[in-house]
Each structure stands twice: as C-alpha cells, then as structure tokens.
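Enquirer: Just a sequence and a predicted model for now, questions to come.
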Amino acid sequence: MALDTKQRGVLRNMLLALLLSLVVLAGAVLWQPAALTPLAQPAQRILFTLQWDAAVLACLVLAIGNLARHRFFTPADIDGGGLTPGTDRAHVLQAVLQNTLEQAVIAVLAHLFWTAVAPRAWMAAVPAAVILFVIGRLLFVLGYRRGAAARAFGFALTFYPTVILTIAGFVCLIAGTGASP
C-alpha cells in the first residue's frame, strides 16, 4: 500500500521525533549529570520526579485554561460542548486538551514507573523526558490547525519518550538492574 503525501509527512515527522527522543534520553542516561541524579532513597527519587512533572501538569492546566478562556469569551461556546454544537475553534481546543490529558496521564505514570525501577544514576532521563514533553506539546499545539503532518512531530515528541521509558523500565524490571531502596 502506497502512502499518500499526508501519511509520508506524518511518518517522516514521527520518525524524526523518535530519533530525537532516543538520542536525548540515551544522552541523559549516559551523561549522568550529578545535578539531575536525586539521592538514593526512594522518596527522594519520587519527589524529584514529581517536581519535574510539574511542567507536565502545567501543560495540562494551560490546555484547560485555554479552552475555558475561549468558552467564556465566545457566546456560541459559553454553555460548553455538552449543550451546544460548538465552534470550530472550541473543537480544536477540546481536541488539544483531550490529547494533552491523555499524554499527561501516561507520561507521569511512566516517569514514576521509571523512577521506581531504573538505576538511580539514570534518573536524568526524567527531566529529559519532561523537557521533550513540553517542547512536544508546544509544537503539537502550534501545528494542530495545519494538519496531521504539521502536528505529528510534536505529538511524537510528547509520546515517544513515554513509550521509551516504559519499555526501558520493563527491561530494568525484568533484568533486575533497577533501583533498590
């Protein structure tokens, strides 16, 4: 089956984001900067992760606030999507919010899972993943109206670090090379 132009654009941008995600996360794990390596106790590692994940939370709060602000100032949307058909802008903002919510939930869970099972020296992957998440969300939002290919890089830059940390976390868990209390 031949891919059309949009599909090729999506594939290209998703592969670029995957490559960037792999390079950044591997770099963070191999570099092991002391400033981004929390103390050994599990509670300190969890605190470290949750502090970084405040940026993920901020992305979600901004998406909610953006839709709420639009609805407040747009009479056709003020009653909400459950009571009105909604404007095109409200539909886009709702789609961005829904995707951001989904991405935020799995990202925070993946970061906490990684924190629980990966070696302490590899904790710099969490800030790296969070930074990729924030950049990805920004690019996703900026590209959304221009179509699938334009938002694919941002989507993938949000999603792939989560997938990579989850898979790598399972490898650590199975191999028994992970964190210890």
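Expert: Received the coordinates, thanks.
Enquirer: Could you grab the helix/strand/coil label for the residue lying farthest from the centre of the chain?
Expert: Distance to the chain centre peaks in the chain at Pro75, reaching 32.3 Å (criterion: C-alpha atoms, centre = their mean). Secondary structure, DSSP: H, G, I helix; E, B strand; the rest coil: Pro75 is coil.
Enquirer: Next one: it from Gly65, what distance?
Expert: Distance, Pro75 to Gly65, using C-beta to C-beta, to the nearest Å: 19 Å. All C-beta atoms are positioned from the backbone trio N, CA, C, and that covers glycine.
Enquirer: Could you do Val10 as well?
Expert: 29 Å.
Enquirer: for this protein, what helix or strand is lowest in average pLDDT?
Expert: helix 42-52 (a mean of 91; mean pLDDT, DSSP states H and E).
Enquirer: List the buried residues for whichever strand or helix holds Gly154?
Expert: Per DSSP states H and E: Gly154 is located in helix 148-175. Buried residues in helix 148-175, defined by neighbour count with 16 or more other C-beta atoms under 10 Å: 149-162, 164-166, 168-169, 172.
Enquirer: now do stretch 66-80
Expert: Buried-residue list, stretch 66-80, by 16+ other C-beta under 10 Å: Leu67, His70, Arg71, Asp77.
Enquirer: Verify the stated contact: the last one with Pro85.
Expert: No. With contact defined as C-beta atoms under 8 Å, Asp77 and Pro85 do not form a contacting pair (9.5 Å).
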